[in-house]
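Asks: build me a model:
(3 chains)
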Amino acid sequence: MNSAHAMNDATQAARQADRAQPLLQVRGLGKLYGPQKGCQGVDFTLYPGEVLGIVGESGSGKSTLLSLLSGRCPPDAGVIDYRRRDGRWLDVYSASEAERRTLLRTEWAFVEQNPRDGLRMSVSAGANIGERLMAQGVRNYQALRAAGLDWLAQVEIDPQRIDDLPRTFSGGMQQRLQIARNLVSGPRLVFMDEPTGGLDVSVQARLLDLMRGLVRELDLAVVLVTHDLAVARLLADRLMVMRRSQVVEAGLTDQILDDPQHPYSQLLVSSVLQP
Amino acid sequence: MNAATQPRPRRDDAYNFAYLDEQTKRMIRRGLLKAVAIPGYQVPFGGREMPLPYGWGTGGMQLTAAILGADDVLKVIDQSADDTTNAVSIRRFFARTAGVATTEQTAQASIIQTRHRIPETPLTADQIMVFQVPNPDPLRFIEPLESETRTLHALKDYGVMHVKLYEDIATFGHIATAYAYPVTVAGRYVMDPSPIPKFDNPKLHMSPALMLFGAGREKRLYAVPPYTQVSSLDFEDHPFAPQRWEQHCAICGSEDTFLDELIVDDQGTQSFVCSDTDYCAQRVAQGRDGQ
Amino acid sequence: MYVAVKGGERAIDNAHRLLAKKRRGDTAVAELGVEQIRQQLPLAVARVMSEGSLYDEQLAALAIKQAAGDLVEAIFLLRAYRTTLPRFCASLPIDTSRMLLSRRLSATFKDVPGGQLLGPTFDYTHRLLDFSLLAEGDYPGPDVHGHAQLEPCPHVLGLLAKEGLIKEETDLGEAADDITRTPLEYPASRAQRLQALARGDEGFLLALGYSSQRGYGRNHPFAGEIRIGEVDVWLEPEELGFPIAIGAIEITECEMVNQFVGSTAEPAQFTRGYGLAFGHAERKAMAMALVDRSLRAEEYGEEIQSPAQQQEFVLAHCDNVEAAGFVSHLKLPHYVDFQSELELIRKLRKPSTEQAQ
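Replies: This next block holds a predicted model:
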C-alpha cells in the first residue's frame, strides 16, 4: 500500500513539474484557400493536461486549423513547436516526415469525427487497439491481447468482443473503440474533430463522460474542435472562438460562455440552449 | 537418371548475347548494385518486354540475362523441379540466346533461376539465386497505393504488417501465411521473399549465395547480399515456424525436405515426394530409398 | 516407387506443332497471306500497332497471322519484337494540324472551318449481316473521287482557346520520360499517363471511359473533334541540323471538351481530354480521351472517388500484355504454394482443444 502511495506521489510530482512548461506553442499559424477561407494568424500556448476547445460555425476554419496543428497539412505561415517527452522541442513542419509520422503514432493521437476514418474496419477490435503498440515494436502477442482487453474495459466495451469486427459495433461503441485505439500508446496530446458528431444525444452524454474521465486520469492535453458549445463546456478548460478564418476571442471556457465579449461570441452563445 | 550438365550449345546469333541489348543489361546491373547496397529495398528499373508473358518469369529472366556470362552454368527450376514446362522453356531460351551450359544439378550451377523454391542442397558463395517475383511489395495487399507503400517503406512504418499476423492468431490460433511469408532484411526493409513456401525462409538467413529478386511486370528488383540477416516476421510468443511433415519422401526417404503431396489412385491415397527433384535424385544415386 | 509425371521438352515441342496445325486450319483452303491481312483487316492491324507501340503494318499483320487472330497475343508478339530494336532517335512531335484528313467530325459545332468529313465509318451503317460478302469475288465498292483535294485544317478546340474558353495546353518543355525505358513512378506526369493510355487495352479504356459517363467520375464530355488521316513524321538528325520527313503514318486523334466550373480564383472554362492512336481507331482514341480527362481530376481540384480518376488503378492495370501475362501465369504450376496452403488449412482445422495443448 505504502509503495503504491509513494509511486502515486512520485507520479503527481512528475506531472506537476511537467505542467510548469508548455507542451505546444503556436505562432502566426495560417493557411488560406481563399479570402477568409481557412485560418490565419493563430497564436496560442497549450500546457500538459489542458483541454483547448476550438468553436465556431462550419466554414470558420476550425478543421483547417486542426489539420495544420496535427501535422497533416503544411501551413502557409507560422510555426508549431512541440515539446517531446524527452524534453526537446520539435518544430513540427521543419521536422522530417519520418519524425512527424513517429509523433503521430506515439506521443500524438487523432480522434476522427467518423470512426470509420479512424478505425481499420476490416480487422478485429483487438487488432485495432494493438496496431499502435505493434508500430512501436511490441512483439508479444499476449501483451497485445492484455492491452486490448484492458482498453476495451476502460472504454466500457465488453472485453469478450475483442475478436469482433468494428462494423458489428454500434456508432457509440465504434467511437469508444477509436478512442481506445488512440490512447493505448499513452499519447500526451490528442486532437479530436467533433468526436461526438454523429451520435445520438444519450450516446453523446455517455461518451463525453468517458472522455472527461480519461483526460483527467491520463493527464492528456487535448485540442478539441466542436461546433457544440455544450460539448465544449463539459470538456474544455479554455476556448478559442473562430470566425471567418480568425480567432475572435480566446479565454477560459466559463468566462467565454458566461460573459462573451466579442459580438460573434455573444451571438454564438445566445443561439444555443444553455444546459 | 539425373541428366548431367549439358555442354555449351551453339548460340543463336540473330539475337544479342542473352537476348537483351548491352545498354539494357548495364541499366539492370546498375539497379542490381543499388539493390545489393540497400538490402531488401525495391529498386525501380526500366523493365523490358520479354518474349515470355508477364508473370511467367520475365523479371527473373531480365536479371539472369544481365548477369549471365559465357562461362556460367545455368539451372532453372519451377516448384524446384527442373523438368516443369516453364523451367524447360526458360532454360532453353538461355541455351539458345546465350549458348551457356545448363545443368539440373544444384551443385554444378553458378546461376540458379527459380520460381517458388530454394534448392534443398546448401548454396555456396560461388552461386547466385535469381527469384521470379509476381508482387514485390509485401505491403501491397494491405495498402494498394504504390505512392503510400513507398512512404511506409521509407519511414520504416511497418506496424500494419503485424496487424495481419495478430489477426491470424486471434482468428486461427496460428499465423496463417504459408508462402510469400514476409521477412525483415538486415533489420531494415520488410521484403517479400517471392512465393517460396515459408519452409524456405530460413535458407535466406546468412546465406553464402547472393539472392536477387526480379519483378518484370511491376518493374522492381531487390536483393539479399551474402551473409545478411533475414528474419521472418513473428511474435515472441508465437515464433515463426516452418512447415514440417510427418511423412517422409516416398522416393528417397528424406525426412527434412519440402514434400509434394500426390494423389496416386482413385481412392485418394496420398503419397509424398521431395519437391526438389535434383536433391531427391542425388539421394537415390547415393543409395537411399523411401522403403 | 512412385514417379511423378514429367513435363519435359517433348511435350513443349508437340504443343508448338499442334498450335501450328490449329493456326493453319484446313489445308484445302488457301493460306491467308500477310498482305491480305494488312489490306483487308486494317482495323485489326491498327489496334495491334497502337497497343504494340510499333508502327509497322506488315509486322502487325504478321503478328495477327502468327497469333491466329488473337489480337492481344499479336500485340504481345509485336512488343517483344520491339524491345529488340535499337533506338536511333526520337522524331519531332507530329503536327496534327497539318494532317491530310480522311475523316473529321466535331459534335460541338454544326459546321467548322474546313468542314465535317464523314469518311469511311461504320457509323450510320445498319448492322445487318451483309450476305453478299459471303460470296467471294469482286465486291463493288463505291467510287471515290480521285481528284478531291484534302486541305489541312485547324483544330476545332483552337477556336475555343482563342476566346479563352478552354484551358490552354502548354508545352512545359520538359523532357518526357519514355515509359518503355524508365519505370512509371507515381504520381505520373501527364506525358507518362498519355503514353500508358496510348498503349493501354482498348476494352479496358472503353469500359473506364464509359464508367465516367455513367457517373463514376462524371466529366461531361463532348466530342470536340475527331480526326483521322495521314501525318508526316519528321526527324532532325544532329549531324544535319534541319528536319527531314521520313514518311507518313495514319493516326486517329480525339479531343474531348469537358465542363469545368472554375473556382473563386479562376473563371469557368472548358477543359479537355486527349486521345491518339495509330491507324483508324476511333473507339480507342475516344476512350483514351475520356480517361485522360478523368485522370486530370487532381490537376483541377476535383474529388477523386471513381476508378477512372485514380491514376495508380488505371495505369497499373491498362496494359493488356501485363494483364494477360499475369492472369495466364495462373496456368503455371503452383503446387508448392498450394501444398503449403493445404498443410496450413489442415492445421487450422484441427480442433481447438488440440491447439490448446
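Asks: next, count neighbours for the residue of the stretch 1-150 of chain C found nearest chain A.
Replies: Each residue of the stretch 1-150 of chain C has a distance to chain A, by Cβ to the nearest Cβ, and the smallest belongs to residue C:108, at 31.6 Å. (C-beta placed from N, C-alpha, C; glycine too.) When neighbours are defined as other Cβ atoms under 10 Å in any protein chain shown, residue C:108 has 18 of them.
Asks: what's the answer for residue C:213, then?
Replies: A count of nearby residues for residue C:213, using other Cβ under 10 Å, gives 14.
Asks: pLDDT below threshold where in chain B?
Replies: Applying pLDDT under 70 to chain B flags residues B:1-4, B:291.
Asks: ok, now how distant is residue A:238 from residue A:214?
Replies: According to Cβ to Cβ, to the nearest Å, residue A:238 and residue A:214 sit 19 Å apart.
Asks: kindly report the same for residue A:28.
Replies: Relative to residue A:214, residue A:28 is positioned 32 Å away (Cβ to Cβ).
Asks: over to residue A:16?
Replies: For residue A:16, the distance to residue A:214 equals 20 Å [Cβ to Cβ].
Asks: of these two, which one has the most company?
Replies: Shown here are residue A:16 and residue A:214; by other Cβ under 10 Å, residue A:214 has more neighbours (17 against 10).
Asks: which residues of the stretch 1-150 of chain A lie near chain B?
Replies: Contact residues (Cβ under 8 Å from any Cβ of the partner chain) of the stretch 1-150 of chain A with chain B: A:97-98, A:101-102, A:105, A:120, A:123-124, A:126-127, A:130-132, A:134-136, A:139-142, A:144-145.
Asks: same question, the stretch 151-275 of chain A
Replies: Counting by Cβ under 8 Å from any Cβ, the residues of the stretch 151-275 of chain A lying close to chain B are A:162, A:163.
Asks: pLDDT below threshold where in the chain?
Replies: You didn't say which chain, so I picked chain A. When residues are selected by pLDDT under 70, those of chain A lie in A:1-7, A:272-275.
Asks: actually it's chain C I care about, not the one you picked
Replies: Regions of chain C meeting the criterion pLDDT under 70 cover residues C:1-7, C:137-152, C:261-265, C:352-357.
Asks: ok, now with 50
Replies: Low-confidence regions of chain C, defined by pLDDT under 50, span residues C:1-5, C:355-357.
Asks: for it, which segments count as strands?
Replies: Assigned strands in chain C, in chain order: C:100-105, C:221-235, C:244-258, C:271-278 (criterion: DSSP state E).
Asks: can I get the ones you listed in CSV including distance to chain A and mean neighbour count?
Replies: What follows is the strands of chain C, written out as CSV (distance: least, Cβ to the nearest Cβ, whole Å; neighbours: other Cβ atoms under 10 Å in any protein chain shown):
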stretch, distance to chain A, mean neighbour count
strand C:100-105, 40, 18
strand C:221-235, 28, 20
strand C:244-258, 24, 20
strand C:271-278, 21, 24
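Asks: before we move on, back to that, and the residues of the stretch 1-150 of chain A next to chain B, which of them are in helices?
Replies: If you go by DSSP state H, the residues of the stretch 1-150 of chain A next to chain B have A:97-98, A:101-102, A:105, A:126-127, A:130-132, A:134-135, A:141-142, A:144-145 in helices.
Asks: can you select the buried ones from those residues in PyMOL?
Replies: Command for PyMOL that selects the buried part of those, burial taken from 16 or more other Cβ atoms under 10 Å in any protein chain shown:
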select buried, chain A and resi 101+102+105+126+127+130+131+132+134+135+141+144+145
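Asks: tell me what the residue in chain A positioned nearest to chain C is bridged to.
Replies: Among all residues of chain A, residue A:34 sits closest to chain C, at 4.9 Å; criterion: Cβ to the nearest Cβ. Applying DSSP bridges to residue A:34 gives these bridge partners: residue A:37.
Asks: now do the SS call for the residue lying closest to residue A:70 once chain neighbours are set aside.
Replies: Nearest non-adjacent residue to residue A:70, counting by Cβ to Cβ, 6 or more residues apart in numbering or on different chains: residue A:191, 4.4 Å away. At residue A:191 the chain is in strand, as set by DSSP: H, G, I helix; E, B strand; the rest coil.
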